[in-house]
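Participant: Just need the structure, nothing else, for what follows:
(chains A and B)
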Protein chains: 2
Amino acid sequence: MSQYRAPLSDIDFLVTHVFDFAGHAQRCGYDLDRDTLLSVADEAGRFAGEKIDPVNRQGDVQGARWEDSRVVTADGFRDVYRAFCEGGWNGLRFPEQYGGQGLPAVAATIVDEMWHAASFSFALCPMLTNGAIEALLTAAGDELKATYLEKLVSGGWTGTMNLTEPGAGSDLAAIQTKAVRQQDGSYRITGQKIFITYGEHDFTDNIVHLVLARTPDAPKGVKGISLFVVPKYLVNADGTLGARNDLRCASIEHKLGIHGSPTAVMLFGEQNGAVGYLVGEENHGLEYMFIMMNEARFSVGLQGLAISERAYQHALAYARERVQGKAVGDDGSHGNTIIRHPDVRRLLLSMKSKIDAMRALAMYVAMQKDIAHAAAAGTEAMERARSRMELLIPVLKGWFTETAQGVTYNALQIFGGMGFIEETGAAQYFRDARIITIYEGTTAIQANDLVGRKTLRDGGTTVSSLLEEIAADATALANLDHSAARALSVRLGDACQALREVVDWMLKEQNSAPRKLYAGSVPYLELWGTVCGGWMHARRMTAALHAPLSPEQRAAVLHSARFYAEQLLPHATALASGIVHGADAALDFADTAWGDSA
Amino acid sequence: MSQYRAPLSDIDFLVTHVFDFAGHAQRCGYDLDRDTLLSVADEAGRFAGEKIDPVNRQGDVQGARWEDSRVVTADGFRDVYRAFCEGGWNGLRFPEQYGGQGLPAVAATIVDEMWHAASFSFALCPMLTNGAIEALLTAAGDELKATYLEKLVSGGWTGTMNLTEPGAGSDLAAIQTKAVRQQDGSYRITGQKIFITYGEHDFTDNIVHLVLARTPDAPKGVKGISLFVVPKYLVNADGTLGARNDLRCASIEHKLGIHGSPTAVMLFGEQNGAVGYLVGEENHGLEYMFIMMNEARFSVGLQGLAISERAYQHALAYARERVQGKAVGDDGSHGNTIIRHPDVRRLLLSMKSKIDAMRALAMYVAMQKDIAHAAAAGTEAMERARSRMELLIPVLKGWFTETAQGVTYNALQIFGGMGFIEETGAAQYFRDARIITIYEGTTAIQANDLVGRKTLRDGGTTVSSLLEEIAADATALANLDHSAARALSVRLGDACQALREVVDWMLKEQNSAPRKLYAGSVPYLELWGTVCGGWMHARRMTAALHAPLSPEQRAAVLHSARFYAEQLLPHATALASGIVHGADAALDFADTAWGDSA
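Facilitator: Numbering: from 1, shown residues only, chains lettered A, B, ... in the order given. Model (predicted):
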């Protein structure tokens, strides 16, 4: 196995030259300069590489195990979790009032990539805790905050999200878990939840479940869902642990990947009902859950970037070391390292070029989060940042995670036959990555959100504003007097034009043929991702041509952008054409004609 | 798990209306009419669905095991193998003289798809035996033929291909296994081979290894490789088994997929050298191996089709049964089956449309094999069929197997979270499929073959002739007076034009910038696959518009073709542009600039 190294030089390039982190932090009121940010990144990179990455393989081989009705995590996981919390990493972006470090989203984004790159299975635990913290911060009353937040921020307790039921996956309207109000103001929860990540484990002595359920007289559908805190152990007034709550993990799943992360079936209220505490108001649960989900979707998008980077590094190390064959047009008479072979270079640059685009876009969205958080509510700056963030979250979640499939696939391919052997490690990335286009909303769910809520609901205003900015950046590139910049300018401009036509078509057809729009929603998301990636390369390229980089570093930025321009952006036109013209065949297909398996 | 059903109605459509099997068989001198072919297909489909498919999951869960230095195959595998041989399926396409049934390649292609669809892990055993038979038929002397062929054709013994060594994967020139000639004309073989599929198992009492090795005075590189038969047990003059040969399986691999198929590390000659018998002449081994490899590459391509079909059927069954959410623009107030959701329909039709294209192309290539086999050597008909087959084998191997990745990926996606749970079965197809773009030559190896040997070597003659035929078929579509035919005509015409320009560019640049060509070889292969798939849809569509089909069946052919035209063919132009313009970035990238992992 190669060793994970945090991508510090790219992070430095982004925060110093592409995005001006110092100015950003100042504008958003964070007392954090660029140097401090980079030393946080450096320290996180060391923890990720030296502590987390080494247990990742063990997590896969051993997995979380179900023994005597308890979950036992893989060797090393628990120790690493404790060291992680002791290092203060768990509460990095949360208010100092609750023991956090109050760092901006940009900083959290930089280090979260590292945790996920080092081990998906491990990092899922703090990721879920973060979602629970976010929901409580936004919607919980003072008592719940006082009881739970400090413990969650320190990592002394962990959090979970209990949404899915056997009959309610993508469709949360179908949730059936019940919550009945008691005289003391608490609720009794009964029902079954599945696919609960870290629903049970041995890291901490308490687990704080956030559970979606319905009260008896709640309206049908998504407007009748409430959110509850349901702790594994009840908490006494003095903060110590009290009685075991009436909930248990019934089993954990046998999965394709992320073996180190226990995926629990949770049973609530087999006796008298599990004690739960309402978060915010009744029937607003989905609203609060969307706050968690937006955070979680952003994080899962980051997982796409992270595992791409990790798989890329692993393949790169092999490509630099493995000698096989004589590369076309090369001289090595005793064989070349395979990195000399043109196709291996194409694979590596296709990975790198996508990773470069994703990391920049993640940082851009994180900046919008910081701005939306810092600016006064209702101001134009806040609204603009918020709407842009909300537009880009499904793009980031959907496009990063789908892109990661190709990257982990290509990384395995570079290993040839060795890639198919589990000991090599490339297969684990490929397997682990497979979940991210599914959980926290499948790609189709993201795409439907992008079409419905993010494109159509405001009549195309938000998408048009972003698209105009990208097109202007594309035009500006042409003035940089560099062949690579001109190439990117033309390709990105064409892609923007193609996307513009799709948006216009959607606005026109939304009422007469809504099914057509949704038959093209996933390609539409892919098109958005492709365009945003090109945009980020435009930003990177512009920065690289002006910043005092070494010639080699500058060339790397330009080559990566050029590859993106020449090999990836041309597909934008094809995607657009498929969206506008290609829906009928799938929609009109006769239900009985799909195949012999009828 | 869904149950596998052989795609009999599509096979019927192809052999009856698209390709006129009756005429083909007659022209090639096979005494097999369409009805008989279809009843063979029917019977094979029943065997695949009722006998092989049910053991496939067990093969994955239990796997082939390494116990007390022996390989124990999964429960049921051995019994199914025996029933398979007793049914005469093993020797279907081999000469009656050796106990086979002498059926044409078209028939073998139809049934081989079924074996692979029902279980990759199982079907690999007969597939490898077939390769060994092919090599012996072509190159072995009478004595070897007399000793081994009948047993291999019946399946009483199995065959293997021993090519790869730790230092010789894609680069066979690096092979180090030694073969020293003895006074009796036999050889003593010493060396280590890895990744030997069914190198050891418990199906039969003998295994016939075909081994590549070098004699002491052989020329360096690929021109010094010879091919040997090295049986596990020596064979007495009367055909009974004699002494154990000096070879053994040292271990089997722990793999991402195809767990039911043992992948052996083989050690030859740890004592005095394993007894081997030269096939054909010394130093011609690679030539003979290419015969096997062409067969094997065709078969692996078929695996891509097969697992696509199997994964599609599995996902289709779930999409028809799973109720979740209300589909956009649909009425079901209590939720719809997910097949009503536009994106699920898009996914299903993208799978089906590719499967339809692949099955037709497989049959077309099989027909070229039959013609090349039947026509007199040196005749124009024979040469044309042979060169076309040789051109299309890397396309079929590379494009089918890459396409299968997306199809098995999408099939899993339709299951949502359930897809990630191993018990569901979709994950197995996804894992099993991952090997096929690697073994028998990675996609890059296929692509380099397509560029070098198949495109450039004859100055573009073979590719130009095929491309003209496709372009003519595209043009003819426009006259069919049907909107779907016109759409396909335009898209296919554009794609042909794009491919034509790439070929011209390659012919022009081959000497001045060979590395550029090879940096685009994989996209070039994908472009060829895309165009050939469109061509097959043109053939299917033309047949459907003329044949006496039910309106529903006709509509299904047209919708599938239309989807291909609108959603897939537009990417041809983007691929072409990437090939011609997109090589420099990857080739010029500085070796030290790939990342922090340096």
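Participant: so what does the strand ranked longest in chain A touch, helix or strand wise?
Facilitator: The longest strand of chain A (DSSP state E) is strand A:187-197. With contacts defined as 3 or more Cβ pairs under 8 Å, 6 or more residues apart in numbering or on different chains; DSSP states H and E, the packing partners of strand A:187-197 are helix A:120-139, strand A:158-162, strand A:178-181, strand A:207-213, strand A:226-231, strand A:263-268, strand A:274-278. The C-beta positions use only the backbone N, C-alpha and C, and glycine is treated the same way.
Participant: okay if I get the ones you listed as JSON lines plus mean neighbour count?
Facilitator: Converted to JSON lines, the helices and strands packed on strand A:187-197 look like this (neighbours: other Cβ atoms under 10 Å in any protein chain shown):
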{"stretch": "helix A:120-139", "mean neighbour count": "24"}
{"stretch": "strand A:158-162", "mean neighbour count": "27"}
{"stretch": "strand A:178-181", "mean neighbour count": "20"}
{"stretch": "strand A:207-213", "mean neighbour count": "27"}
{"stretch": "strand A:226-231", "mean neighbour count": "26"}
{"stretch": "strand A:263-268", "mean neighbour count": "24"}
{"stretch": "strand A:274-278", "mean neighbour count": "25"}
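Participant: now for the ones you listed, which one comes closest to chain B?
Facilitator: strand A:263-268 (8.5 Å; Cβ to the nearest Cβ).
Participant: Alpha carbons only: can I get the closest one in PDB?
Facilitator: Written as PDB, here are the backbone C-alpha positions of strand A:263-268 (Å, rounded to 0.1, in the frame of the first residue of the first chain):
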ATOM      1  CA  THR A 263     -24.600  -0.200   9.200                       C
ATOM      2  CA  ALA A 264     -27.300  -1.000  11.700                       C
ATOM      3  CA  VAL A 265     -30.900  -2.100  11.700                       C
ATOM      4  CA  MET A 266     -32.300  -0.200  14.600                       C
ATOM      5  CA  LEU A 267     -35.400  -1.200  16.600                       C
ATOM      6  CA  PHE A 268     -37.100   1.500  18.700                       C
END
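Participant: okay, the angle between it and strand A:226-231?
Facilitator: 100 degrees (axes from the mean of the first three to the mean of the last three Cα atoms, to 10 degrees).
Participant: quick one on the thing from earlier: neighbouring strands for the longest strand of chain A, and are they parallel or not?
Facilitator: strand A:178-181 (antiparallel), strand A:263-268 (antiparallel), strand A:274-278 (antiparallel) (DSSP bridges).
Participant: How about stretch A:289-307 and chain B, touching?
Facilitator: No. Counting by Cβ under 8 Å from any Cβ of the partner chain, chain B has no neighbours in stretch A:289-307; the shortest distance is 13.2 Å.
Participant: Output the strands paired with strand A:187-197 as TSV; include the columns mean pLDDT and distance to A:Arg310.
Facilitator: Compiled in TSV, the strands paired with strand A:187-197 are given as follows (pLDDT from 0 to 100; distance: least, Cβ to Cβ, whole Å):
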stretch	mean pLDDT	distance to A:Arg310
strand A:178-181	98	41
strand A:263-268	98	21
strand A:274-278	98	38
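Participant: As a markdown table, the ones you listed with distance to B:Ala404 would be great.
Facilitator: Output for these, formatted as a markdown table (distance: least, Cβ to Cβ, whole Å):
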| stretch | distance to B:Ala404 |
| --- | --- |
| strand A:178-181 | 45 |
| strand A:263-268 | 27 |
| strand A:274-278 | 46 |
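Participant: circling back to that earlier point, where's the longest strand of chain A relative to the chain centroid, distance-wise?
Facilitator: Centre-to-centre, strand A:187-197 and its host chain are 24 Å apart (Cα atoms, centre = their mean, to the nearest Å).
Participant: That strand relative to helix A:120-139, how many degrees between them?
Facilitator: Using the same axes, to 10 degrees: strand A:187-197 against helix A:120-139 is 150 degrees.
Participant: tell me the mean pLDDT over strand A:187-197?
Facilitator: Averaged over strand A:187-197, pLDDT sits at 98.
Participant: One more: stretch A:401-417?
Facilitator: 98.
Participant: export it as PDB, just CAs?
Facilitator: The C-alpha coordinates for stretch A:401-417 follow below in PDB (Å, rounded to 0.1, in the frame of the first residue of the first chain):
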ATOM      1  CA  THR A 401     -19.700  11.000  -6.400                       C
ATOM      2  CA  GLU A 402     -20.300   9.900 -10.000                       C
ATOM      3  CA  THR A 403     -16.900  11.200 -11.000                       C
ATOM      4  CA  ALA A 404     -15.300   9.200  -8.200                       C
ATOM      5  CA  GLN A 405     -16.700   6.000  -9.700                       C
ATOM      6  CA  GLY A 406     -14.600   6.600 -12.900                       C
ATOM      7  CA  VAL A 407     -11.600   7.700 -10.900                       C
ATOM      8  CA  THR A 408     -11.500   4.700  -8.600                       C
ATOM      9  CA  TYR A 409     -12.200   2.500 -11.700                       C
ATOM     10  CA  ASN A 410      -9.300   3.900 -13.600                       C
ATOM     11  CA  ALA A 411      -7.000   3.700 -10.600                       C
ATOM     12  CA  LEU A 412      -7.700   0.000 -10.300                       C
ATOM     13  CA  GLN A 413      -7.200  -0.400 -14.100                       C
ATOM     14  CA  ILE A 414      -3.600   1.000 -13.800                       C
ATOM     15  CA  PHE A 415      -2.800  -2.000 -11.600                       C
ATOM     16  CA  GLY A 416      -3.900  -4.400 -14.200                       C
ATOM     17  CA  GLY A 417      -4.500  -7.900 -12.900                       C
END
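Participant: Is A:Val40 within a helix or a strand, and which one?
Facilitator: helix A:34-47 (DSSP states H and E).
Participant: got the buried residues for that helix?
Facilitator: Neighbour counts over helix A:34-47 (16 or more other Cβ atoms under 10 Å in any protein chain shown) mark A:34, A:37-38, A:40-41, A:44-45, A:47 as buried.
Participant: Same list, those, but as TSV with pLDDT and distance to A:Phe120 please.
Facilitator: Listed next are the buried residues of helix A:34-47 as TSV, based on pLDDT from 0 to 100; distance: Cβ to Cβ, whole Å:
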residue	pLDDT	distance to A:Phe120
A:Arg34	96	29
A:Leu37	97	25
A:Leu38	98	25
A:Val40	98	22
A:Ala41	98	20
A:Ala44	98	16
A:Gly45	98	17
A:Phe47	98	16
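Participant: can you redo these as JSON lines with distance to chain B?
Facilitator: Output for those, formatted as JSON lines (distance: Cβ to the nearest Cβ, whole Å):
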{"residue": "A:Arg34", "distance to chain B": "18"}
{"residue": "A:Leu37", "distance to chain B": "17"}
{"residue": "A:Leu38", "distance to chain B": "13"}
{"residue": "A:Val40", "distance to chain B": "17"}
{"residue": "A:Ala41", "distance to chain B": "11"}
{"residue": "A:Ala44", "distance to chain B": "14"}
{"residue": "A:Gly45", "distance to chain B": "9"}
{"residue": "A:Phe47", "distance to chain B": "16"}
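Participant: wait, what's in contact with the nearest residue to A:Gly260 once chain neighbours are set aside?
Facilitator: Excluding the flanking residues, the one nearest A:Gly260 by Cβ to Cβ, 6 or more residues apart in numbering or on different chains is A:Gly59, at 2.4 Å. A:Gly59 sits next to A:73-74, A:76-77, A:119, A:121-122, A:259-261 when contact means Cβ atoms under 8 Å, 6 or more residues apart in numbering or on different chains.
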